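Student: build me a model:
(one chain, ligands or ions: 1)
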Amino acid sequence: MRLVTLHTDGGLRAGIERDGKYIDIAVNLPHLPSSLRELLELGDVALGQLQQLLDRNERPTFVRGPVRLAAPIPDPPKVICIGLNYRDHAAESGAPIPAEPVLFSKFSSAIIGPEEPIRLPKVSKEVDYEAELVIVIGKRGRYIPEQEARQHIVGYTIGHDVSARDWQLRKPGGQWLAGKTFDTFAPIGPALVTKDEVGDPHQLNIELRLNGQVMQRSNTNQMIFSVDKLVSYISQVVTLQPGDLIFTGTPPGVGFARKPPVFLKSGDTVEITIERLGVLRNPVVSE
Ligand code: MN
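Tutor: Model (predicted):
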């Protein structure tokens with residue numbers, strides 16, 4: 001299933017995309033919660049009802065007219081990010097291959113959806129792009145063994161780890177938080193695609209285009225730490241819960257490592273494609 005969040009006259013509502021058309025879950029199954037995060041908290045029972053809605057012979061009611069998508073999970077409890085999870089990206093960043101996952105985070109206030117503008121903060125001159133596969137957690141857990149990690153993953157979406165390099169790399173203390181969590185620095189979407197439709201998360205082509213020009217092109221088979229390892233590792237530290245997002249790191253080709261460096265500017269358009277997940281497109285504007 002391709003689960004989405006729709007802008008409607010009644011506010012943000014969970015939906016399902018099928019063949020380019022959208023189903024408002026609240027219209028078809030009014031007893032279910034209208035937020036996708038709350039729906040995930042109900043687990044397999046709710047997902048089973050959504051699947052039945054698609055499978056049954058009487059047709060579900062589709063939304064008429066144009067649809068505007070929001071971030072599939074606009075209100076994640078946690079946004080956890082992994083740094084340096086592709087060998088070539090570690091090399092281009094001048095960083096050693098990490099022996100353990102490098103963790104940082106973004107606040108949920110950074111989340112935006114498809115087509116929403118990335119706003120360049122007036123206090124940064126070095127805003128960069130990073131295409132990433134994002135894990136969406138569906139089941140609560142702590143100390144999750146690697147072999148059980150998939151049971152806690154509901155699906156995947158595309159994420160853009162927008163990064164102000166001047167704030168990430170040249171501020172006191174050596175922390176990445178500030179540079180990574182400016183407002184609008186976590187575009188996600190267009191859909192949360194359930195794991196049954198994605199198949200092997202380590203065999204997905206990933207590509208980022210800046211104004212139509214390919215800047216990053218790789219495959220998730222190049223990751224250093226698997227999605228299972230990441231879920232297990234992070235769950236040693238925090239309880240993972242439904243709706244939590246894990247950005248799994250970016251492949252090589254980022255702007256600051258280029259000669260000359262490339263940074264985002266007002267008027268740019270960034271598109272990220274991940275096989276089976278779709279295209280996440282965002283314009284760039286000045287604050
Ligand atoms: Mn990243």
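Student: just the strands in the stretch 51-200 of the chain please.
Tutor: In the stretch 51-200 of the chain, the strands defined using DSSP state E, counting those that start in this stretch lie at 68-70, 79-83, 102-106, 111-112, 118-120, 127-128, 131-137, 153-160, 163-164, 186-194.
Student: with mean pLDDT and mean neighbour count added, can I get the ones you listed in JSON lines?
Tutor: Every residue, glycine included, has its C-beta placed from N, CA and C. Output for the strands of the stretch 51-200 of the chain, formatted as JSON lines (pLDDT from 0 to 100; neighbours: other C-beta atoms under 10 Å):
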{"stretch": "strand 68-70", "mean pLDDT": "97", "mean neighbour count": "18"}
{"stretch": "strand 79-83", "mean pLDDT": "97", "mean neighbour count": "25"}
{"stretch": "strand 102-106", "mean pLDDT": "96", "mean neighbour count": "18"}
{"stretch": "strand 111-112", "mean pLDDT": "98", "mean neighbour count": "24"}
{"stretch": "strand 118-120", "mean pLDDT": "98", "mean neighbour count": "21"}
{"stretch": "strand 127-128", "mean pLDDT": "98", "mean neighbour count": "24"}
{"stretch": "strand 131-137", "mean pLDDT": "98", "mean neighbour count": "27"}
{"stretch": "strand 153-160", "mean pLDDT": "98", "mean neighbour count": "26"}
{"stretch": "strand 163-164", "mean pLDDT": "98", "mean neighbour count": "26"}
{"stretch": "strand 186-194", "mean pLDDT": "98", "mean neighbour count": "26"}
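Student: want to try TSV for the ones you listed, with distance to residue 46 as columns?
Tutor: Below are the strands of the stretch 51-200 of the chain laid out as TSV (distance: least, C-beta to C-beta, whole Å):
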stretch	distance to residue 46
strand 68-70	19
strand 79-83	23
strand 102-106	27
strand 111-112	22
strand 118-120	32
strand 127-128	38
strand 131-137	14
strand 153-160	11
strand 163-164	35
strand 186-194	12
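Student: turn the ones you listed into CSV, columns for distance to the ion.
Tutor: Formatted as CSV, these follow (distance: least, C-beta to the ion, whole Å):
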stretch, distance to the ion
strand 68-70, 22
strand 79-83, 6
strand 102-106, 8
strand 111-112, 15
strand 118-120, 15
strand 127-128, 10
strand 131-137, 6
strand 153-160, 8
strand 163-164, 7
strand 186-194, 10
